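K.L.:
Turn this into a model:
(chains A, B, C and D)
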Amino acid sequence: MVALATFLQRELRLLARQKADWLNPVLFFVIVLSLFPLGIGPEPNLLRIIAPGVIWIAALLSVLLAAERLFKDDYRNGVLEQLVATRQALWPFVFAKLISNWLSTGLPLVLLSPLVALLLNVDSASFLAMLLTLLLGTPLLSLLSVLGAALTVSADKGGILLALLILPLYIPLLIFASAAMEAAAMALPYYGQLAIMLAMLLVALALVPFAVNSALKINVS
Amino acid sequence: MFKWLHPLAKPETVYQLCGRLYPWLLTAALLLLLLGNIWGLAFTPPDYQQGDSYRIIHIHVPAAIMSMGAYSAMAIAAFVALVWQVKVAQWSVLAIAPIGAVYTAIALITGMAWGKPMWGTWWVWDARLTSELILLFLYLGVIALSGAFSDRQTGAKVASLLAVVGVINLPVIHFSVEWWNTLHQGASITKFAKPSIDPSMLWPLLISILAFKVLMLALICLRLRTAILVNEQHRPWVRAMAGDQ
Amino acid sequence: MHFQSWAEFWAMGGYGLFVWLSFGTTYFLLLALLCYSQLQQKQFKRQLAAKLAREQRVKQYQEQSD
Amino acid sequence: MALSDISRFVLLRQYGNMRPIFPVVDSKRPVIKHQPFSVIVGQELLQAQALSCIRQDRVLFEQLSFTVRAGDILQVAGKNGAGKSSLLRLLAGLSAPDEGTLHYRSQPLSDVVDDYAANLCFIGHQSGIHEQLTALENLAFWRAAAGVPQPDDYALLAQLGLAGLEDIPCNMLSAGQQRRVSLARLWFTSCQVWILDEPFTALDQSAIAMLQQYFLQHLNRGGAIVLTTHQNLTLQYNSLTTLELAYRW
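P.N.:
Down below sits the predicted model:
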């Protein structure tokens, strides 16, 4: 527990010192969202229809963008290798990375959602759904992108590889999150979709740390 | 408990076993494929609804079934590789992945070619086609990941890990795509009527499925042999063999 | 035999394009995979033999210079 | 059978006889009190039997056997690319040997890997120092990882000649200073086995002397050290073994 607190403090400190790491993905999110109306026309009704999908696709891509550098520094300067050698200190490290990743990429998206709703003409009912899906979905995004980052830490070519690995795993989330928002737009109940997202989040929360742990071990071996 | 499996974990034994099985498996696969396909193409009556276009079934269905079969084989190998650190299992993951990817691509292409006359369009976001497409992405992910490391061993292990993660995800993906498909049921899509298949059509289909399966085994033998050679090239037995040739 | 003539067989009741496209690509892909896998193995064996020959030459050279 | 036939490495020097390094009070193996770790003098800590390591299709070493006892220091020497770092990473439990076995306290390493890791301090080729963090923050990180509280890092850093540099980011420090921050971990660790990859890199003479002195202390309280270095160890250690790895094509 002490280790987790210290490690989390370290991650947050690093985020505070390397602002580009988390600001760029957030900026990317906003820019992609503002490109869509320019690309397909500013028709309010059209925007309302495509909003759920567009928001979630932008969220997926921006989280992916942030994942790339997640473990790189710690791999390069040997922190990762020496943590793996301690075995037990690797767990709090993984959790600290997960939490700080969500705080730096997921949470800003949630906080930005009112602005996004304005940009894309989302009405208040769908806005609530959007907020809820982002709250439930972004932690899952973080889990999967940390997994992807852990798998590719020592890879020679990162970048597009990470997208190839992780985007297929995002698909269920994309489907249910945008379905929930569509249902909300049609004033239908969407608790089912939220419940499924919650279930996926819990399952991922139980399994992903193990996978991240062994991925890191393999990568430094 | 796994004592009797232990000699199988020895690369040299596996290499020789695969070498002995390969010609038989390949011959059997080719004969079965010829038999099943010629029978299916020429000696069965046409479907009363779809006419002769249904004959694509004799490659589409075997490829689709075995694309998933290959994934489960790959996932089992990956699991064994990770839990028991069996190197041969690691290499078989990499040996199977391209086979699975080719089968999946075949299933997709033939599905499209079948869809065009039946649905009037090359591609529909049908649940099965979409799942198959994602399966192809997963295969490509495993292949790309395994090649991305300067250390071959690391690549094989990480790819195994991804294969296991993928197999946990596959049911979720499949379920969500199916659900998404019913939600967005398009107007123009008419689903296949699934009549109970006539025995005269069933036999060639079963033979073709078997042919694809045996062909997969033959290809695994061939590719695993190469993988063993590459990864064991410093061993005396490999060097002795290469010196003989 | 269901078809009366070869022409009918190739036409596949008007679906010839789709049927032969499917079968053609399938056989092509399978054959390509098979040949590629076999080529890989041959190529690697050749590489290994070359490597061994290289080592042999190094050894010979070292013995001569000793 | 000649020694070179048994293995491809050469035992260069062997000081001492690997017997207890303390005046033995009790004829039975005495347990030294007041140690952060329990010590049985002369106990076999690490046993390597017929280790082989293959990287990138090159056999780095094979049939390598040695024993590290409490109080031993093992210097792994050899040319670049001879497999020194790979051997250390094997010993640190980061990777598994391609052949052969490792034992920790006479038990197979895979059975007691958690115990072993808890008693092991590994500092690799890279320093384990994040450049964006200060010396204090880096130390706090490693202290939390090791689970040791240390009240006064200022004093420790001052002792290592880093007074006044405690709270500036490590990318402002020189390579030698960064190395000192990295090695500061050795001063608060309670682990018995130290595995150090090139600890003297970039250090100046006085720091090297201090570090060697500290090594001696650790050995005297029953610790064990495995290290690689291109420099000769100037201090006379009782139980120094040098393991020279030959470069193999």
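K.L.:
give me the low-pLDDT residue ranges for chain C?
P.N.:
C:1-2 (pLDDT under 70).
K.L.:
meant to ask about chain D, not that
P.N.:
D:1-41, D:150-151, D:249.
K.L.:
Same check on chain B?
P.N.:
Ranges of chain B meeting pLDDT under 70: B:1-8, B:48, B:184-198, B:245.
K.L.:
Check chain A too.
P.N.:
For chain A, the stretches with pLDDT under 70 are A:158.
K.L.:
Okay, helices next: where are they in it?
P.N.:
Counting by DSSP state H, one finds helices in chain A at the ranges A:2-17, A:19-40, A:44-67, A:72-76, A:79-86, A:90-101, A:107-119, A:124-151, A:160-185, A:191-220.
K.L.:
so where do the helices sit in chain D?
P.N.:
D:3-6, D:84-91, D:113-118, D:135-146, D:153-159, D:175-183, D:185-188, D:205-220.
K.L.:
Out of the ones you listed, flag the one nearest chain C.
P.N.:
Proximity to chain C, assessed across the helices of chain D by Cβ to the nearest Cβ, is greatest for helix D:3-6 (15.9 Å). To be clear about C-beta, it is placed using only N, CA and C from the backbone, and glycine gets the same treatment.
K.L.:
Could I get the helices of chain A in CSV, plus columns for distance to C:Leu52 and mean neighbour count?
P.N.:
What follows is the helices of chain A, written out as CSV (distance: least, Cβ to Cβ, whole Å; neighbours: other Cβ atoms under 10 Å in any protein chain shown):
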stretch, distance to C:Leu52, mean neighbour count
helix A:2-17, 50, 17
helix A:19-40, 49, 15
helix A:44-67, 44, 20
helix A:72-76, 36, 17
helix A:79-86, 35, 24
helix A:90-101, 42, 21
helix A:107-119, 58, 17
helix A:124-151, 36, 24
helix A:160-185, 34, 23
helix A:191-220, 31, 18
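K.L.:
Out of the ones you listed, which is closest to D:Leu51?
P.N.:
helix A:79-86 (17.7 Å; Cβ to Cβ).
K.L.:
starting at the chain centroid, how far to that closest one?
P.N.:
Offset of helix A:79-86 from its chain centre (Cα atoms, centre = their mean, to the nearest Å): 25 Å.
K.L.:
helices or strands up against that helix?
P.N.:
Under the contact criterion of 3 or more Cβ pairs under 8 Å, 6 or more residues apart in numbering or on different chains; DSSP states H and E, helix A:79-86 touches helix A:72-76, helix A:90-101, helix A:191-220, helix D:113-118, strand D:120-123, helix D:135-146.
K.L.:
Switch the helices of chain A over to JSON lines; also include distance to B:Ile109.
P.N.:
Output for those, formatted as JSON lines (distance: least, Cβ to Cβ, whole Å):
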{"stretch": "helix A:2-17", "distance to B:Ile109": "46"}
{"stretch": "helix A:19-40", "distance to B:Ile109": "31"}
{"stretch": "helix A:44-67", "distance to B:Ile109": "27"}
{"stretch": "helix A:72-76", "distance to B:Ile109": "38"}
{"stretch": "helix A:79-86", "distance to B:Ile109": "42"}
{"stretch": "helix A:90-101", "distance to B:Ile109": "39"}
{"stretch": "helix A:107-119", "distance to B:Ile109": "38"}
{"stretch": "helix A:124-151", "distance to B:Ile109": "29"}
{"stretch": "helix A:160-185", "distance to B:Ile109": "19"}
{"stretch": "helix A:191-220", "distance to B:Ile109": "32"}
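K.L.:
Output stretch B:102-109 as CSV, nothing but the C-alphas.
P.N.:
Coordinates of each C-alpha in stretch B:102-109 appear next as CSV, following Å, rounded to 0.1, in the frame of the first residue of the first chain:
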residue,chain,number,x,y,z
VAL,B,102,-5.0,-17.4,-44.6
TYR,B,103,-8.0,-19.5,-43.7
THR,B,104,-9.7,-16.4,-42.3
ALA,B,105,-8.9,-14.5,-45.4
ILE,B,106,-10.3,-17.3,-47.5
ALA,B,107,-13.5,-17.4,-45.5
LEU,B,108,-13.9,-13.6,-45.9
ILE,B,109,-13.2,-13.6,-49.7
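K.L.:
Report the separation between B:Val80 and chain C.
P.N.:
22 Å (Cβ to the nearest Cβ, to the nearest Å).
K.L.:
Any chance of CSV for the helices of chain D, columns distance to B:Ser131 and mean neighbour count?
P.N.:
Shown next, in CSV, are the helices of chain D (distance: least, Cβ to Cβ, whole Å; neighbours: other Cβ under 10 Å):
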stretch, distance to B:Ser131, mean neighbour count
helix D:3-6, 58, 10
helix D:84-91, 42, 23
helix D:113-118, 40, 18
helix D:135-146, 43, 22
helix D:153-159, 56, 16
helix D:175-183, 50, 21
helix D:185-188, 51, 19
helix D:205-220, 60, 15
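K.L.:
closest to chain B out of the ones you listed?
P.N.:
Across these, closest to chain B is helix D:84-91 (Cβ to the nearest Cβ), at 11.2 Å.
K.L.:
got the helices of chain D as TSV, with distance to chain B columns?
P.N.:
Putting these into TSV (distance: least, Cβ to the nearest Cβ, whole Å) gives the following:
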stretch	distance to chain B
helix D:3-6	17
helix D:84-91	11
helix D:113-118	13
helix D:135-146	24
helix D:153-159	36
helix D:175-183	25
helix D:185-188	27
helix D:205-220	32
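K.L.:
need the residues of chain B near chain C, please.
P.N.:
B:37, B:41-46, B:51-53, B:55-56, B:59-60, B:63, B:98-99, B:102, B:105-106, B:109-110, B:113-114, B:116-117, B:215, B:219, B:222-223, B:225-226, B:229-230, B:233, B:238-239, B:242-243, B:245 (Cβ under 8 Å from any Cβ of the partner chain).
K.L.:
which of the residues you listed count as buried?
P.N.:
Buried members of those, scored by 16 or more other Cβ atoms under 10 Å in any protein chain shown, are B:37, B:41, B:44, B:46, B:52-53, B:55-56, B:59-60, B:63, B:98-99, B:102, B:105-106, B:109-110, B:113-114, B:116-117, B:215, B:219, B:222-223, B:225-226, B:229-230, B:233, B:238-239, B:242.
K.L.:
quick one: which of those residues sit in helices?
P.N.:
Of the positions in those, B:37, B:41, B:59-60, B:63, B:98-99, B:102, B:105-106, B:109-110, B:113-114, B:116-117, B:215, B:219, B:222-223, B:225-226, B:229-230, B:238-239, B:242 sit in helices, assigned by DSSP H.
K.L.:
I'd like to know which residues of chain B are adjacent to chain D.
P.N.:
Proximity of chain B to chain D (Cβ under 8 Å from any Cβ) is limited to residues B:85, B:150-151, B:233-234.
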